[in-house]
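Participant: Let me see the structure of the following:
(one chain, ligands or ions: 2)
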Amino acid sequence: MDFKPPTAAERLKAIGSTEGLEEILRKTLEPADDFESIPTPQPGDWLAVHYEPGQTFDEFIKSKPNRPDKTRKKIYLQPLGEFPKGQITLTEALKEYAGAYFAMPVEVLPTLSLSDKNITTRINNYTKNRQILTTDVLTILKDNLPADAFCLLAITMEDLYPEPSWNFVFGQASLIERVGVYSFARYDPAFYGDKREKDYEKLILRRSCKVLVHETGHMFGLQHCIFFRCVMNGSNHLKESDSRPLYLCPVCLHKLHHSVGFDVTIRYKNLYRFYQKVGFDNDSRWLAHRLDFILGPTASRTILEQKNEQ
Ligand SMILES: [Zn+2]
Ligand SMILES: [Zn+2]
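Facilitator: Ligands and ions are numbered 1, 2, ... in the order given. Predicted structure coming up:
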């Protein structure tokens with residue numbers, strides 16, 4: 001692959017026209033110095049091995065993506081198997097994060113047990129870890145899709161495989177049927193036999209948050225981003241996904257805003273609160289800087305000191 005990062009003009013064009021938008025939203029979609037171009041891929045990186053045509057805002061609109069509406073208005077999370085009980089309750093944190101990120105109600109369903117007779121598992125020959133067959137999970141999700149669901153996403157700390165001949169898979173989804181299943185197992189250093197550092201829970205939480213919003217982004221019809229550094233960038237290995245930011249670039253934020261129609265200031269404020277609470281210091285600093293640009297430092301300070309709201 002011979003991917004060349006887009007020029008500044010191409011990046012701006014991908015954001016789409018901001019004419020006629022409210023002043024705050026227009027400013028929110030201005031990159032200023034808060035968004036960097038996607039870097040030139042290194043050997044082994046996603047864009048070095050995968051051809052991505054990219055998807056501008058205008059192309060996104062033309063693709064007629066799934067959008068939440070009066071009926072399909074909730075994001076459902078389906079825990080699959082047990083989650084470790086640590087200082088951070090991962091499912092609760094992910095619920096709060098997804099709610100702030102997508103500005104939509106999020107509900108966590110009762111845990112689906114691995115002893116469910118419809119779920120096939122195996123022990124992986126190489127890792128000796130238990131794995132779950134993704135297609136079984138997708139079938140269960142399709143059969144149980146709540147009427148008011150925009151999407152239903154199973155999340156698990158167990159490893160996954162999509163068919164017997166495969167070694168493993170990080171996740172699998174059906175965008176048309178609005179269901180998906182994603183594993184966080186390989187985001188835990190212990191999976192590879194590596195030492196868990198002192199703040200490993202925070203590391204797993206941040207990686208899981210990133211996977212969840214990236215994959216949920218796909219549910220909204222957002223394709224991989226090839227314009228800026230962005231949570232919607234594809235990634236081919238852990239180092240690359242760790243280097244991806246948690247935020248949506250202006251192209252992808254414009255898309256999500258078009259679908260959901262949130263108040264951008266409230267959304268950023270709720271995300272800021274979450275980052276502060278869980279100790280994602282770099283992410284909260286970035287957001288405060290961004291809000292300074294959008295609202296000016298005084299208004300930004302006032303907003304960030306207020307309490308949460310939906
Ligand atoms: Zn993706
Ligand atoms: Zn993007």
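
Participant: Now do the buried residues in stretch 100-111.
Facilitator: By 16 or more other Cβ atoms under 10 Å, the buried positions in stretch 100-111 come out as 100-106, 108-109. To be clear about C-beta, it is placed using only N, CA and C from the backbone, and glycine gets the same treatment.

Participant: just stretch 70-81 next, same as before
Facilitator: 72, 74-81.

Participant: Serialize the buried residues of stretch 100-111 to TSV and add fields for distance to H289, secondary structure and pLDDT.
Facilitator: Shown next, in TSV, are these (distance: Cβ to Cβ, whole Å; DSSP: H, G, I helix; E, B strand; the rest coil; pLDDT from 0 to 100):
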residue	distance to H289	secondary structure	pLDDT
A100	18	helix	98
Y101	18	helix	98
F102	22	helix	98
A103	21	coil	98
M104	26	coil	98
P105	29	coil	98
V106	27	strand	98
V108	32	strand	97
L109	37	coil	97
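
Participant: Among the residues you listed, which one sits closest to V278?
Facilitator: A100 (11.4 Å; Cβ to Cβ).

Participant: Just say helix, strand or coil for the closest residue to the closest one other than its chain neighbours.
Facilitator: Using Cβ to Cβ, 6 or more residues apart in numbering and skipping the chain neighbours, the partner closest in space to A100 is N270 (3.8 Å). What DSSP: H, G, I helix; E, B strand; the rest coil gives for N270 is helix.

Participant: Check which helix or strand the residue nearest in space to the middle of the chain maps to.
Facilitator: When Cα atoms, centre = their mean is applied to the chain, the residue found nearest the centroid is V213 (1.5 Å). If you go by DSSP states H and E, V213 is part of helix 200-219.

Participant: Just give me how far that helix sits from the chain centre.
Facilitator: Relative to its parent chain, helix 200-219 has a centroid offset of 6 Å by Cα atoms, centre = their mean, to the nearest Å.

Participant: Same check on stretch 94-109?
Facilitator: Worked out by Cα atoms, centre = their mean, stretch 94-109 lies 11 Å from the chain centre.

Participant: got the buried residues for the helix or strand harbouring T298?
Facilitator: According to DSSP H and E, T298 maps onto helix 297-305. Within helix 297-305, the residues that count as buried by 16+ other Cβ under 10 Å are 300, 303-304.

Participant: which one of the residues you listed sits closest to ligand 2?
Facilitator: Minimum distance to ligand 2 across these is 22.8 Å, recorded for S300 (Cβ to the ion).

Participant: residues from the protein in reach of ligand 2?
Facilitator: Within the chain, the positions near ligand 2 by Cβ under 5 Å from the ion are 225, 230, 232, 249, 251-252.

Participant: let's go with 8 Å and repeat that
Facilitator: Proximity of the chain to ligand 2, by Cβ under 8 Å from the ion, involves residues 222, 225, 227-228, 230-233, 248-253.

Participant: out of those, which are inside helices?
Facilitator: 250-253 (DSSP state H).

Participant: quick revisit: can you tell me how far the closest residue to the residue nearest to the centre of the chain other than its chain neighbours sits from P68?
Facilitator: Excluding the flanking residues, the one nearest V213 by Cβ to Cβ, 6+ apart is Y101, at 5.2 Å. Taking Cβ to Cβ, to the nearest Å as the measure, Y101 falls 13 Å from P68.

Participant: that older thread, pull the CA coordinates from the helix holding V213 and hand them back as CSV.
Facilitator: Output in CSV follows, covering the C-alpha atoms of helix 200-219 (Å, rounded to 0.1, in the frame of the first residue of the first chain):
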residue,chain,number,x,y,z
TYR,A,200,-3.1,-1.7,34.8
GLU,A,201,-6.8,-1.3,35.6
LYS,A,202,-6.7,2.2,34.2
LEU,A,203,-4.8,0.9,31.2
ILE,A,204,-7.4,-1.8,30.5
LEU,A,205,-10.2,0.7,31.0
ARG,A,206,-8.7,3.2,28.6
ARG,A,207,-8.1,0.5,26.0
SER,A,208,-11.7,-0.8,26.5
CYS,A,209,-13.2,2.7,26.2
LYS,A,210,-11.3,3.1,22.9
VAL,A,211,-12.5,-0.2,21.5
LEU,A,212,-16.1,0.5,22.5
VAL,A,213,-16.3,3.9,21.0
HIS,A,214,-14.5,2.9,17.8
GLU,A,215,-16.7,-0.1,17.3
THR,A,216,-19.9,1.8,18.2
GLY,A,217,-18.8,4.5,15.8
HIS,A,218,-18.9,1.8,13.0
MET,A,219,-22.5,1.1,14.1
